[in-house]
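In: Sequence plus the predicted model coming up.
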Amino acid sequence: MSGSRTGACSAALCSTVLTALAVLALCPAGATAAPADDTGSLSADQLARRSHDALLSARSLHVTAQGDLGSGAGTSFDLTLDRSGNCRGSVSLGPQGSVEIIRRGTDVWIKPNAAFWKNEVPGGGGSALASLVGDRYLKGTTNDPVLRNTTDVCDLDTFQKYLDTSAKLPATDLTKGRPTTVDGVAAIPVTATRQGRTYTLDVAASGKPYPVRFTVARGPAAPDATVRFGGFDQPVPTATPAAADAVDISGLMSKQS
């Protein structure tokens, strides 16, 4: 499982949101300020910039993503994560399998499905591991390269630093849309078109201007990719699997050697 595909997925997720910020969250330097409590009066550039800053200031968040995220159209994420190394959720690679992830600091639990094991471990070893682990979690720490690669997607600090590099990219023309409602949240859309794709960032219309949703579309049909944000600054669930529901990775690997 070295070089785990979930590690690639973390890069894909960051890349997708980076694209959003590269296209949408970059207003010209020195853009005119607007009252912090008057989101509706902000320009498209100001909305995108405020949303960018709000995302980077979050202590925790819930992010879901699905569609063509750079690792295939079947890729999806559903993760709650914070800056303290805590994370809970799942990553799906479509027909290549899925994995549940729990991380509390340096302690990690993962539960791959059979398809994931088969694709990650060649030569029939995946089927053997799937049978051995069964419906239990694989338990270890971030010191183990297998688990570290798989839980790269859970690092909010890295995620935010990755996003912050977008501030060095050139700005683009943005359009502010009419107020709307996205997932029950009042929002204001900001859009841009580049290379035949329309990028839409929906920004919360009241309170802190967090991003609510980001979509990429090549036409009027369903979006190619959708990323949703929520649960800002709310704690990651603390429950972890019981010892009887987990298999220690060091013992498991010794049996396979």
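Out: Structure's in. What do you need?

In: Wasn't Ser76 part of a strand?
Out: Yes: under DSSP: H, G, I helix; E, B strand; the rest coil, Ser76 sits within a strand.

In: Which pLDDT value does the model give it?
Out: On pLDDT, Ser76 comes in at 83.

In: how many neighbours does it have?
Out: Ser76 sits with 19 neighbouring residues when counted by other CB atoms under 10 Å. The C-beta positions use only the backbone N, C-alpha and C, and glycine is treated the same way.

In: which residues does it bridge with?
Out: Counting by DSSP bridges, Ser76 is bridged to Gln66, Ser92.

In: That one: what's it in contact with?
Out: Ser76 makes contacts with Thr64, Ala65, Gln66, Gly67, Leu69, Val91, Ser92, as judged by CB atoms under 8 Å, 6 or more residues apart in numbering.

In: right, and the pair among those with maximum separation?
Out: Gly67 and Val91 (14.0 Å; CB to CB).

In: Which one of those two is surrounded by more residues?
Out: Per other CB under 10 Å, whichever of Gly67 and Val91 has more neighbours is Val91, with 29 against 19.

In: before we move on, the earlier item: out of the contacts of Ser76, who has the most neighbours?
Out: Each of these was scored for neighbours by other CB under 10 Å, and Val91 scores highest at 29 neighbours.

In: Could you tell me which residues make contact with that one?
Out: The contact partners of Val91, by CB under 8 Å, 6+ apart, come to Thr6, Cys9, Thr75, Ser76, Phe77, Leu79, Ser98, Val99, Ile101, Val153.

In: Return the distance of it relative to Thr150.
Out: Distance, Val91 to Thr150, by CB to CB, to the nearest Å: 8 Å.

In: can you check Phe116 too?
Out: Between Phe116 and Thr150 the computed distance is 10 Å (CB to CB).

In: what do those two both touch?
Out: The overlap between the contact sets of Phe116 and Thr150 (CB under 8 Å, 6+ apart) consists of Val99.

In: between these two, who's got more neighbours?
Out: A direct count of neighbours by other CB under 10 Å for Phe116 and Thr150 places Thr150 higher, at 29 against 25.

In: how close does that one get to Ala225?
Out: Counting by CB to CB, the gap from Thr150 to Ala225 is 22 Å.

In: where does stretch 111-122 sit relative to the chain's centre, distance-wise?
Out: Taking CA atoms, centre = their mean, to the nearest Å, one finds stretch 111-122 lying 21 Å from the centre of the chain it belongs to.

In: what ranges do the strands span in this structure?
Out: 60-67, 75-82, 86-93, 98-104, 107-112, 137-141, 175-176, 180-182, 185-194, 197-204, 211-217, 225-230, 246-248 (DSSP state E).

In: got the ones you listed as CSV, with distance to His52 columns?
Out: Conversion of the strands of the chain to CSV gives the following (distance: least, CB to CB, whole Å):
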stretch, distance to His52
strand 60-67, 14
strand 75-82, 19
strand 86-93, 23
strand 98-104, 26
strand 107-112, 30
strand 137-141, 33
strand 175-176, 15
strand 180-182, 18
strand 185-194, 11
strand 197-204, 9
strand 211-217, 8
strand 225-230, 12
strand 246-248, 39
